[in-house]
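Engineer: Got a sequence here, can you build the structure:
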Amino acid sequence: AQNTYSSIPYAHGTAFQTHFGHLVGYGANYYSYIFARVFSAALWEKVFAKDPLNGAAGERYRRQVLVHGAALEPMDMLRTLLDGKEPCVDAFLKHISS
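Structural biologist: Predicted coordinates:
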């Protein structure tokens, strides 16, 4: 079964059932989750951290992201909210270290 469903071949004499086989296909999903956290931390720090209930900030988010649905590239919308800057891991690292 491992040779059929995994890119890692079965090693004779081992018990593949006791290994973390779910991690083989799990990596891409996990890293996309981490990237989402990086993006949300950058957005939070830039737009909402000073005043999370600020109506103008919420309206800006609605106008520059939500209103477009899937019509624009997500990274372009994020860059717009970040004043033309690329999101970076700094805000995320600050968040997870506190």
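Engineer: what's the longest helix seen in the chain packed up against?
Structural biologist: Using DSSP state H, we find that the single longest helix of the chain is helix 27-43. Packing partners of helix 27-43 (3 or more Cβ pairs under 8 Å, 6 or more residues apart in numbering; DSSP states H and E): helix 74-81, helix 90-97. Using the backbone N, CA and C atoms, a C-beta is placed for each residue, glycine as well.
Engineer: Of those, which is nearest G13?
Structural biologist: Closest to G13 of the helices and strands packed on helix 27-43 is helix 90-97 (Cβ to Cβ; 40.1 Å).
Engineer: Tell me the gap between the closest one and the middle of its chain.
Structural biologist: Distance of helix 90-97 from the chain centroid (Cα atoms, centre = their mean, to the nearest Å) equals 13 Å.
Engineer: What's the mean pLDDT across that helix?
Structural biologist: For helix 90-97, mean pLDDT is 91.
Engineer: likewise stretch 65-85?
Structural biologist: Stretch 65-85 comes out at a mean pLDDT of 94.
Engineer: for it, which positions count as buried?
Structural biologist: Of the residues in stretch 65-85, V65, M77, L78, L81, L82 count as buried by neighbour count, 16 or more other Cβ atoms under 10 Å.
Engineer: I'd say the first one and M77 touch.
Structural biologist: By that I understand V65. Yes - between V65 and M77 a contact is recorded at 4.8 Å, counting by Cβ atoms under 8 Å.
Engineer: Just want the most central residue of this structure.
Structural biologist: In the chain, the centroid-proximal residue (Cα atoms, centre = their mean) is A36; its distance is 1.6 Å.
Engineer: So which of the buried residues of stretch 65-85 is the closest to T4?
Structural biologist: Out of the buried residues of stretch 65-85, the member with the shortest distance to T4 (by Cβ to Cβ) is L78, at 39.4 Å.
Engineer: quick one, phi psi at the residue sitting furthest away from the middle of the chain?
Structural biologist: In the chain, counting by Cα atoms, centre = their mean, G13 sits farthest out from the average C-alpha position, at 38.5 Å. The phi/psi pair for G13 (degrees, to the nearest 10) reads phi 90, psi 0.
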